[in-house]
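1. turn this into a structure:
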Amino acid sequence: MELQKLSNGSHHHDVTVPVDGGIAPEEENFLPHKSDGSKRPQFTDFEGKTSFGMSVFNLSNAIMGSGILGLAYAMSNTGIVLFLFLFFCIACLSCYSIHLLLRSAGVVGIRAYEQLGLRAFGHTGKILAAVVITLHNIGAMSSYLFIVKSELPLVIQAFLGQTTSSDDWFFNGNYLIVVVTICIILPLALMKHLGYLGYTSGFSLSCMVFFLSAVIYKRFNIACPLQAFGNYSVNTVDPEDTCTTKFFTINLETAYAIPIVAFAFVCHPEVLPIYTELSNPTKRRMQNIGNVSILGMFIMYFLTAIFGYLTFYGNTEAELLHTYSKVDPLDILILCVRLAVLMAVTLTVPVVLFPIRRAILQLLFPGKPFHWLRHIAIAITLLCVVNLLVILVPNIRDIFGITGATTAPSLIFILPGLFYIRIIPTDQEPMTSRPKIQAACFTALGFMFMTISLTFIGLDWTSGENRNLGGH
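-> Numbering: from 1, shown residues only. Alright, predicted model coming up:
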């Protein structure tokens with residue numbers, strides 16, 4: 001799942017060794033430009049052993065996450081053509097962002113996102129990068145727990161053979177996430193080392209492939225307009241409009257489309273740790289890993305979005321899996337998908353918590369030896385904050401929207417562009433050079449994207465309309 005490979009980010013090395021005889025493979029460019037032929041640092045202090053294929057798997061798993069559940073909703077509020085355009089642009093820009101990170105890391109010999117911030121802006125830059133990554137991971141944890149809040153009551157209903165919920169506590173998602181947190185997530189989060197949790201990445205990716213297969217299958221088994229089942233309501237809009245494929249549409253909820261897509265593609269803090277573990281590491285080789293991973297996830301994401309949208313059209317909810325409850329909450333296939341996704345996201349929460357805790361320890365207690373009290377207190381505090389957020393937020397769309405409009409553009413656009421501008425020496429690339437101008441425009445695009453998204457999301461929140469599309 002998204003952000004899991006952060007747990008492997010402990011192999012960061014700052015030692016650099018000059019390379020004799022011209023430009024090292026590290027400096028092969030995503031967008032070629034002239035070089036002065038000066039010597040560059042190379043990473044020779046750590047020999048990675050991860051193959052190209054396994055690195056693609058690791059980065060693909062870092063990209064894949066809960067954002068896949070919101071893509072059909074994004075398409076329903078943009079139309080197929082506009083969604084594909086936005087989707088393609090974000091994917092290409094993510095590839096370029098990886099290039100900027102690799103280029104910056106190659107110059108200073110650092111393979112840690114926060115350390116690039118330190119080299120670019122001093123201690124302030126390190127704190128900024130750590131805070132942004134921490135907030136993004138908290139957003140990811142919140143989205144995972146929101147899936148538990150949304151789906152676990154439906155699973156319990158299905159096992160009890162009920163089509164309607166009651167006032168019993170075990171049908172209340174808010175109570176259930178607290179129980180799951182205390183009984184499953186907290187004990188795993190209190191482990192001193194990740195251990196076997198690092199292997200949940202393959203299981204998580206398999207669950208999402210299973211989810212995609214079910215979405216494609218159900219496209220040909222669910223008729224539109226939807227028929228209400230039990231107490232599950234459907235959109236009362238005219239069926240002619242509800243079941244019509246839209247190629248281009250704009251409304252207030254379109255504001256969530258770009259943040260959802262951006263949230264789905266964030267993997268940039270994991271790029272450098274994966275680079276560290278790569279065998280025969282060169283910039284071109286790692287760039288190819290990034291390009292292949294993003295292309296693979298692009299295809300998987302788009303298939304999920306298009307088949308999910310063409311199943312529910314105007315009835316598509318912000319959390320796609322929950323939408324199937326409108327048709328048949330007792331469907332065996334969807335029940336199996338729910339169980340798989342629930343297990344995946346539940347096991348992912350403690351994995352995501354580990355790098356957050358490590359960042360907090362580095363910022364607040366630098367150089368301090370391991371202490372169980374701090375270890376436990378930070379875990380409990382983080383889980384309490386995340387649980388409170390999930391209980392108070394009415395719709396997973398809001399988590400996708402806010403996280404995708406703030407931390408996602410910071411990690412994809414703003415920070416990589418700023419790092420590149422500050423780290424690449426001006427004697428090699430003046431500010432008037434094409435690469436620096438491109439990086440500056442890339443950074444400006446991130447600020448513009450953030451401002452526009454937050455503005456329209458704010459307008460949607462203050463419009464006074466009831467849009468609890470998550471059905472919670």
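
2. which one is Leu454 nearest to, not counting chain neighbours?
-> Of all residues beyond its chain neighbours, the one nearest Leu454 is Ala405 (5.2 Å), with distances taken as C-beta to C-beta, 6 or more residues apart in numbering. (C-beta placed from N, C-alpha, C; glycine too.)

3. same question for Phe449.
-> In space, not counting the residues next to it along the chain, Phe449 is nearest to Pro409; the distance is 5.0 Å by C-beta to C-beta, 6+ apart.

4. isn't the one you found right up against Met450?
-> Yes: under the criterion of C-beta atoms under 8 Å, Pro409 lies in contact with Met450, with a separation of 4.7 Å.

5. settle it for me: which of these two has more neighbours?
-> Set side by side, Pro409 and Met450 show unequal neighbour counts under other C-beta atoms under 10 Å, the larger going to Pro409 at 27 against 21.

6. for that one, what are its contacts?
-> For Pro409, the contact set (C-beta atoms under 8 Å, 6 or more residues apart in numbering) comprises Ala262, Gly446, Phe447, Phe449, Met450, Ser453.

7. so which of those residues belong to helices?
-> With helices taken from DSSP state H, the overlap with those comprises Ala262, Gly446, Phe447, Phe449, Met450, Ser453.

8. farthest-apart pair in those, please.
-> Every pair in those was compared (C-beta to C-beta); the two farthest apart turn out to be Ala262 and Phe447, at 13.5 Å.

9. residues contacting Tyr313?
-> Tyr313 makes contact with Ser76, Cys224, Thr242, Cys243, Thr244, Thr245, Lys246 under the criterion C-beta under 8 Å, 6+ apart.

10. so what's the third one closest to, chain neighbours aside?
-> Distances taken as C-beta to C-beta, 6+ apart place Gly314 nearest to Thr242, at 4.1 Å, with adjacent residues excluded.

11. same deal with the second one?
-> On the basis of C-beta to C-beta, 6+ apart, the spatially nearest residue to Cys224 that is not a chain neighbour turns out to be Cys243, at 3.9 Å.

12. the one you found and Ala223 touch, don't they?
-> No: using C-beta under 8 Å, Cys243 makes no contact with Ala223, being 9.0 Å away.

13. the two: who's more crowded?
-> The residue with the greater number of neighbours, taking Cys243 and Ala223 and applying other C-beta under 10 Å, is Cys243; the counts read 17 against 10.

14. how far away is the more buried one from Tyr73?
-> Here the criterion is C-beta to C-beta, to the nearest Å. By it, Cys243 lies 17 Å from Tyr73.

15. Ser94: which element?
-> When secondary structure is defined by DSSP states H and E, Ser94 falls within helix 80-108.

16. so which elements touch the next helix or strand along the chain from that helix?
-> Using DSSP H and E, the helix or strand that directly follows helix 80-108 along the chain is helix 113-121. Counting contacts by 3 or more C-beta pairs under 8 Å, 6 or more residues apart in numbering; DSSP states H and E, helix 113-121 packs against helix 80-108, helix 123-159, helix 268-277, helix 415-423.

17. Phe52: which of these is closest?
-> The closest of the helices and strands packed on helix 113-121 to Phe52 is helix 268-277. By C-beta to C-beta, the value is 11.1 Å.

18. averaged pLDDT, the closest one. What do you get?
-> When the per-residue pLDDT values of helix 268-277 are averaged, the result is 87.

19. quick check: angle from that helix to helix 80-108?
-> Compare the direction of helix 268-277 with that of helix 80-108 by axes from the mean of the first three to the mean of the last three C-alpha atoms, to 10 degrees and you get 50 degrees.

20. send the alpha carbons of helix 268-277 over as CSV?
-> C-alpha atoms of helix 268-277 as CSV (Å, rounded to 0.1, in the frame of the first residue of the first chain):
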residue,chain,number,x,y,z
HIS,A,268,8.0,10.6,-3.7
PRO,A,269,9.3,10.1,-0.1
GLU,A,270,9.9,6.4,-1.0
VAL,A,271,11.8,7.0,-4.2
LEU,A,272,15.2,7.7,-2.6
PRO,A,273,15.0,4.8,-0.1
ILE,A,274,14.2,2.4,-2.9
TYR,A,275,17.0,4.0,-4.9
THR,A,276,19.4,3.2,-2.0
GLU,A,277,18.5,-0.5,-2.2
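
21. gap between whichever helix or strand comes after it and the chain center?
-> Following the chain from helix 268-277 toward its C-terminal end, the next helix or strand by DSSP H and E is helix 283-312. Taking the mean of its C-alpha atoms, helix 283-312 sits 13 Å from the chain's own mean (C-alpha atoms, centre = their mean, to the nearest Å).

22. got the buried residues for the helix or strand following helix 283-312?
-> Tracing the chain C-terminally past helix 283-312 and defining elements by DSSP H and E, one meets helix 320-323 next. Within helix 320-323, the residues scored as buried using 16 or more other C-beta atoms under 10 Å are Leu320, Leu321, His322, Thr323.

23. just stretch 332-352 next, same as before
-> Buried residues in stretch 332-352, counted by 16+ other C-beta under 10 Å: 334-335, 337-342, 344-352.

24. quick check, pLDDT for Ile326.
-> Not Ile; residue 326 is Lys. Model confidence at Lys326, given as pLDDT, is 77.

25. ok, now Thr455?
-> Looking at Thr455, its pLDDT stands at 90.

26. flag the shaky bits of the stretch 101-250 of the chain, pLDDT-wise.
-> Judged by pLDDT under 70, the stretch 101-250 of the chain has its weakly predicted residues at 163-166, 194-201, 225-241.
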